[in-house]
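1. After the sequence you'll find the predicted model.
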Amino acid sequence: MQHNLGILGVGHLASYVVAGLRRADKNRSIYLSPRNHDHGLRLSKEFNCEQLSSNQCVVDRSELILLSVRPNDVVSLLSNLSFSSKHIVISCVAGLSIKDIESLVHPAKVVRTLPLASSEVGEGVVPLYPENELVASLLKPLGKLVTFNTENAFEVSAVASCMNGWIYGFISEIAQWFVSRGVDEQEANELVVHTLLGASKLAAYKADKTSLEIFESIATEGTYTKSGWDVLTENDQFSNWKLALDSVESRLAGNE
């Protein structure tokens, strides 16, 4: 039996989730809240969804509810809605625990996920907590599903969603170096993008080896790869990345 999906909060996250789901399933009923009306109308036309007149209508016509609003909007949105035990609320709200959401949607079940922008093309990590077969079946087309054993581990994994965004900035910076050396901009972008894509696919393929083991098999003494790596590590170029990860983790935990 296929379950209807309702989406509360039709922003960027909803856009790439809907696009990714429609790539894999043309027939599932997807209902959109009236929030962000013009954007929802565009999604409705492009991806065969139905925008409903109210949030409660979305809840009433769906079994699976994807919650994708900002943390500050959660209470005002959910406190005016009625849920039943048939509902599973899939929270994409960073920083709010299952307990936080459960108190607002009782007696519905609550699980957490946080798909990346790359889920639009069925790639990247799709974190899930706790394990839920029905939700896992829904999310699998969006990328590599990773189910965490604790909510704390899930919280830490949420930092990856920000890191995913930083990668695009990294790609741009490196591509511009090639452009400064006379490489065409499109060629430079393809060069960097597919270099990273190839490295990621090899790491995924060689799952029996750690990334460090793969690195050490390539960056051997005397190679250009090793000499470049030595420059990066001698100047501690990764410390700012770690500081950025620490900063996001702290904000998600409500410490800032």
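-> Sure, I can see it.

2. Now do the residue in the chain sticking out farthest from the centre, the pLDDT please.
-> Distance from the C-alpha centroid of the chain peaks at G222, with 39.0 Å (CA atoms, centre = their mean). pLDDT for G222: 95.

3. likewise the one 5 residues further on?
-> S227 carries a pLDDT value of 94.

4. Could you report the neighbour count for it?
-> Residues within reach of S227, counting by other CB atoms under 10 Å, total 11. In this view, the C-beta of every residue, glycine as well, is placed from N, C-alpha and C.

5. now the strands: where do they sit in the stretch 101-250 of the chain?
-> Assigned strands in the stretch 101-250 of the chain, in chain order: 109-113, 125-129, 144-147 (criterion: DSSP state E, counting those that start in this stretch).

6. Correct me if wrong, but I90 is in a strand.
-> Yes: I90: assigned to a strand according to DSSP: H, G, I helix; E, B strand; the rest coil.

7. What helix or strand is the spatially closest residue to it that is not a sequence neighbour located in?
-> Nearest non-adjacent residue to I90, counting by CB to CB, 6 or more residues apart in numbering: L66, 4.9 Å away. Remark: L66 resides in strand 64-67, with elements defined by DSSP states H and E.

8. What are the contacting residues of that strand?
-> For strand 64-67, contacts defined as CB atoms under 8 Å, 6 or more residues apart in numbering pick out 3-9, 14, 17, 58-59, 74, 78, 83, 87-93, 101, 108, 134-135, 138.

9. That one: which residues count as buried?
-> Neighbour counts over strand 64-67 (16 or more other CB atoms under 10 Å) mark 64-67 as buried.

10. just those now: which is nearest L252?
-> L67 (16.6 Å; CB to CB).

11. residue ranges of the helices in the stretch 151-256 of the chain, please?
-> Using DSSP state H, counting those that start in this stretch, the helices of the stretch 151-256 of the chain run over 151-157, 159-180, 185-205, 211-218, 224-234, 239-252.

12. Buried ones in the last one, by neighbour count?
-> So the one you mean is helix 239-252. For helix 239-252, by 16+ other CB under 10 Å, it's 245, 248, 252.

13. neighbours of the nearest residue to E185 once chain neighbours are set aside, just the number please.
-> Excluding the flanking residues, the one nearest E185 by CB to CB, 6+ apart is V179, at 5.3 Å. When counting by other CB under 10 Å, one arrives at 15 neighbours for V179.

14. Which pLDDT value belongs to V179?
-> Confidence for V179, expressed as pLDDT, is 97.
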